[in-house]
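# Got a predicted structure here, sequence first:
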Amino acid sequence: MIEKLKNLGWKQLGGLVLIVIIIIAFGFGGFGGGFSTNNQNNIAKINKTNVTTQDFIDYVNQSGISQEAIRDNLDNNIIEELLSGLISTTLIDLEIKDFDLSINERTILKNIKENKNFQDENGTFQRIKYEKFLLSNNLSAPMFELQLKNRELQKHLFDFIGAGTITPNFLIEKKFEENNKSLDIEYFDMENLYKTKDDYTANEIEVFIDENKDQLKREYIDFKYVILNPKNLIGIEEFNQEFFDEIDSIENKISQGSTFDTILEDINVDIIEVNEFVPSSSKQSNEDLIYSKKASKIDLIENGDNFLLYNIDNQYDRTPDLNDDIIKGEIVELIYQKGKFDYNREIIEEIQKNKFDSSKFEELAGSNKEYSSINSIEDDKLIDINSVKMLYSLPVNSFALVNKEDKIFLVKITGTNKNSFNKADEKYLKFVNSQNTNNRKTILQSYDQLLNDKYQVQLNQKTIDRVKNYFK
């Protein structure tokens with residue numbers, strides 16, 4: 001809630017738009033008298049504070065949104081959005097009152113005179129520029145000064161709430177130093193430890209299929225189709241109206257229940273028959289597209305410069321056929337990936353249970369061990385950035401599995417080194433800024449929860465509906 005309130009609090013209001021008919025309707029008995037008695041003139045209630053339809057009118061007028069724009073966007077919940085904005089600003093006003101915040105007229109006048117829009121090239125306030133601004137925005141001086149006062153009060157509120165969000169320098173320096181130290185690491189590629197695809201026996205493949213038969217079943221289809229284009233449909237290569245009329249005719253016949261063979265009675269094209277088809281790694285444009293549309297038994301679909309008229313004769317499930325080299329290769333790839341996953345999981349479990357030590361690391365690394373350094377928590381040249389962040393959270397002599405794209409490495413942190421930095425460097429200044437921003441967000445999130453607990457907002461749906469009906 002608070003981030004939304006903050007945005008609304010700083011939003012500059014547009015020019016004043018008088019929606020005369022609405023004012024008359026609300027001010028003199030409402031729509032058919034609906035707002036004239038009891039709480040029907042209230043569109044919402046925040047604790048004991050009523051938000052009246054007149055408050056809503058004023059908010060709409062100040063928003064600069066025309067009556068026509070509201071009417072055109074009723075289905076896009078514009079009334080609810082405007083009401084949400086009004087409730088948000090009302091909550092801010094209640095908080096300002098509760099904290100007894102104030103601002104004197106001298107401060108308002110000072111802000112006006114220091115506004116560069118109202119100054120000449122020498123920085124001197126020009127009354128005529130100020131008055132021209134008011135006229136061009138259809139504002140009176142008291143109205144503009146009231147808006148300015150409200151914005152200043154809102155700024156004071158959020159400054160008040162955010163007080164104390166500046167992190168002490170020594171903590172920032174320590175955090176920056178931690179994030180920018182160097183890590184010395186030993187590592188090796190795990191690839192040489194995995195069982196190769198050629199090592200898996202026929203029996204292991206069969207066992208894998210049996211254990212995962214439900215997941216490995218594929219839906220096959222038998223179908224036939226024809227390729228339609230201007231050349232074979234109307235005898236020329238031009239995409240003209242006659243061609244598209246023929247296409248429309250075929251689509252109409254499909255919708256009327258005509259069969260594949262009936263549709264092709266007067267069309268001289270080659271029929272392509274495909275049996276036991278399932279998509280594979282070897283892409284087949286026409287066949288793969290038809291398979292993706294298999295929910296429709298017969299259809300006409302576009303594929304590039306051609307149209308495909310197809311008819312699916314049969315659909316059925318089947319376990320993988322190991323006599324098909326492509327399918328067998330896909331199964332072996334699944335087994336290989338599962339083997340890698342299981343091996344990696346065993347290593348991770350040993351590390352988590354403190355059963356993995358330097359001797360085991362050396363044994364697995366063999367002659368493949370390499371040495372390197374990571375220069376900061378943002379240095380992802382060697383491994384993925386998320387893996388880098390994980391390593392920076394671990395102590396020296398820790399082990400971890402990390403990755404870079406599709407490669408997995410086993411890493412040992414052997415040491416750390418502090419890197420010097422200059423507090424005037426742009427990188428350090430940005431870090432300071434981000435730390436204060438994060439702290440401020442944390443406080444604002446807590447304040448948001450406080451507002452949710454502190455205020456109960458009730459909407460008068462009947463009044464909201466009457467407002468909507470008026471604009472229809």
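Everything's here; your move. Remember, it's a predicted structure, so these values are computed and weren't measured experimentally.
# Name the SS class of residue 273, please.
Secondary structure assignment for residue 273 (DSSP: H, G, I helix; E, B strand; the rest coil): strand.
# burial count for it?
Around residue 273 there are 9 other residues, counting by other C-beta atoms under 10 Å. All C-beta spots, glycine's among them, are computed from the backbone N, C-alpha and C.
# And the next helix or strand past the helix or strand hosting residue 82?
Using DSSP states H and E, residue 82 sits in helix 78-98. Using DSSP H and E, the helix or strand that follows helix 78-98 in sequence is helix 105-113.
# Show me what that next one packs onto, helices and strands only.
Helix 105-113 is packed against helix 141-161, with contacts defined by 3 or more C-beta pairs under 8 Å, 6 or more residues apart in numbering; DSSP states H and E.
# re earlier: quick one: the helix holding residue 82 to chain centroid distance?
Here helix 78-98 is found 27 Å from its chain centre; the criterion is C-alpha atoms, centre = their mean, to the nearest Å.
# repeat for stretch 255-264
Counting by C-alpha atoms, centre = their mean, stretch 255-264 is centred 45 Å from the centre of its parent chain.
# And for stretch 306-315?
38 Å.
# Please apply the same query to stretch 282-290.
In this view, stretch 282-290 has its centroid 32 Å away from the chain centroid, taken as C-alpha atoms, centre = their mean.
# hey, C-alpha coordinates of the particular helix or strand that has residue 173 in it in PDB?
For residue 173, the host element (DSSP H and E) is helix 169-179. Extracted in PDB, the C-alpha atoms of helix 169-179 (Å, rounded to 0.1, in the frame of the first residue of the first chain):
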ATOM      1  CA  ASN A 169      29.200   4.100   7.400                       C
ATOM      2  CA  PHE A 170      31.200   1.300   9.100                       C
ATOM      3  CA  LEU A 171      28.400  -1.200   8.200                       C
ATOM      4  CA  ILE A 172      28.300  -0.100   4.600                       C
ATOM      5  CA  GLU A 173      32.100  -0.300   4.300                       C
ATOM      6  CA  LYS A 174      32.200  -3.700   5.900                       C
ATOM      7  CA  LYS A 175      29.400  -5.000   3.500                       C
ATOM      8  CA  PHE A 176      31.100  -3.400   0.500                       C
ATOM      9  CA  GLU A 177      34.400  -4.900   1.500                       C
ATOM     10  CA  GLU A 178      32.800  -8.300   1.800                       C
ATOM     11  CA  ASN A 179      31.200  -8.100  -1.600                       C
END
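# Buried residues, the very next helix or strand once past that helix. List them.
Using DSSP H and E, the helix or strand that follows helix 169-179 in sequence is strand 182-189. Buried residues in strand 182-189, defined by neighbour count with 16 or more other C-beta atoms under 10 Å: 183, 185, 186, 187, 188.
# for stretch 71-80, same thing?
Buried-residue list, stretch 71-80, by 16+ other C-beta under 10 Å: 78, 79.
# Ok, stretch 246-254 next?
246, 247, 250, 253, 254.
# what residues does it touch?
By C-beta atoms under 8 Å, 6 or more residues apart in numbering, the surrounding residues in contact with stretch 246-254 are 228, 233, 234, 262, 263, 298, 299, 300, 307, 309.
# Over to stretch 226-243?
246-247, 250, 264, 267-272, 286, 300, 305-310.
# just the CA coordinates of it, formatted as PDB?
The C-alpha trace of stretch 226-243 is given here as PDB (Å, rounded to 0.1, in the frame of the first residue of the first chain):
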ATOM      1  CA  VAL A 226      -2.200 -32.300 -48.900                       C
ATOM      2  CA  ILE A 227      -0.200 -29.100 -49.600                       C
ATOM      3  CA  LEU A 228      -2.400 -26.400 -51.200                       C
ATOM      4  CA  ASN A 229      -1.100 -23.300 -53.000                       C
ATOM      5  CA  PRO A 230      -2.200 -21.200 -56.000                       C
ATOM      6  CA  LYS A 231      -0.200 -23.400 -58.400                       C
ATOM      7  CA  ASN A 232      -2.100 -26.600 -57.600                       C
ATOM      8  CA  LEU A 233      -5.400 -25.100 -56.600                       C
ATOM      9  CA  ILE A 234      -6.100 -22.500 -59.400                       C
ATOM     10  CA  GLY A 235      -3.300 -23.200 -61.900                       C
ATOM     11  CA  ILE A 236      -1.300 -20.000 -61.400                       C
ATOM     12  CA  GLU A 237       1.400 -18.900 -58.900                       C
ATOM     13  CA  GLU A 238      -0.400 -15.700 -57.800                       C
ATOM     14  CA  PHE A 239      -2.100 -15.300 -54.500                       C
ATOM     15  CA  ASN A 240      -5.300 -13.600 -55.800                       C
ATOM     16  CA  GLN A 241      -8.900 -13.400 -54.700                       C
ATOM     17  CA  GLU A 242      -9.800 -16.600 -56.600                       C
ATOM     18  CA  PHE A 243      -7.300 -18.600 -54.600                       C
END
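# what about that stretch, distance to the chain center?
The answer for stretch 226-243 is 44 Å, by C-alpha atoms, centre = their mean.
# What residues sit buried inside it?
Neighbour counts over stretch 226-243 (16+ other C-beta under 10 Å) mark 226, 227, 228, 230, 233, 234, 243 as buried.
# and if you look at stretch 393-405?
399, 400, 401, 402.
# With stretch 52-59 instead?
Buried residues in stretch 52-59, defined by neighbour count with 16+ other C-beta under 10 Å: 52, 53, 55, 56, 57, 59.
# What of stretch 42-53?
By neighbour count, with 16+ other C-beta under 10 Å as the criterion, the buried positions of stretch 42-53 are 42, 43, 44, 45, 46, 51, 52, 53.
# Out of those, which is nearest to residue 323?
residue 44 (71.3 Å; C-beta to C-beta).
# which ones are touching that closest one?
Here residue 44 is in contact with 50, 51, 83, 86, 87, 457, 458, 459, 460 (criterion: C-beta under 8 Å, 6+ apart).
# repeat that with 6 Å
Residues in contact with residue 44 (C-beta atoms under 6 Å, 6 or more residues apart in numbering) are 51, 87, 459.
# need those residues in TSV with pLDDT, can you?
Compiled in TSV, the contacts of residue 44 are given as follows (pLDDT from 0 to 100):
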residue	pLDDT
51	91
87	89
459	89
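# any chance of those residues in a markdown table, with distance to residue 379 too?
What follows is the contacts of residue 44, written out as a markdown table (distance: C-beta to C-beta, whole Å):
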| residue | distance to residue 379 |
| --- | --- |
| 51 | 53 |
| 87 | 47 |
| 459 | 52 |
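# tell me the domain ranges of this protein?
The record's domain parsing of the chain by automatic domain parsing lists 2-163+453-471, 181-194+327-417, 218-318.
# mind checking which of those domains is nearest residue 424?
The nearest among the domains of the chain, by C-beta to C-beta, is domain 181-194+327-417 at 18.2 Å.
# what does the average pLDDT come to for the closest one?
In this model, domain 181-194+327-417 has an average pLDDT of 94.
# cool, and stretch 62-77?
In the prediction, stretch 62-77 has an average pLDDT of 84.
# how far does that stretch stretch from start to finish?
With C-alpha to C-alpha, to the nearest Å applied, stretch 62-77 spans 19 Å between its terminal residues.
# now do stretch 228-244
Distance across stretch 228-244, first residue to last, is 11 Å (C-alpha to C-alpha).
# How far does that stretch sit from its chain's centre?
44 Å.
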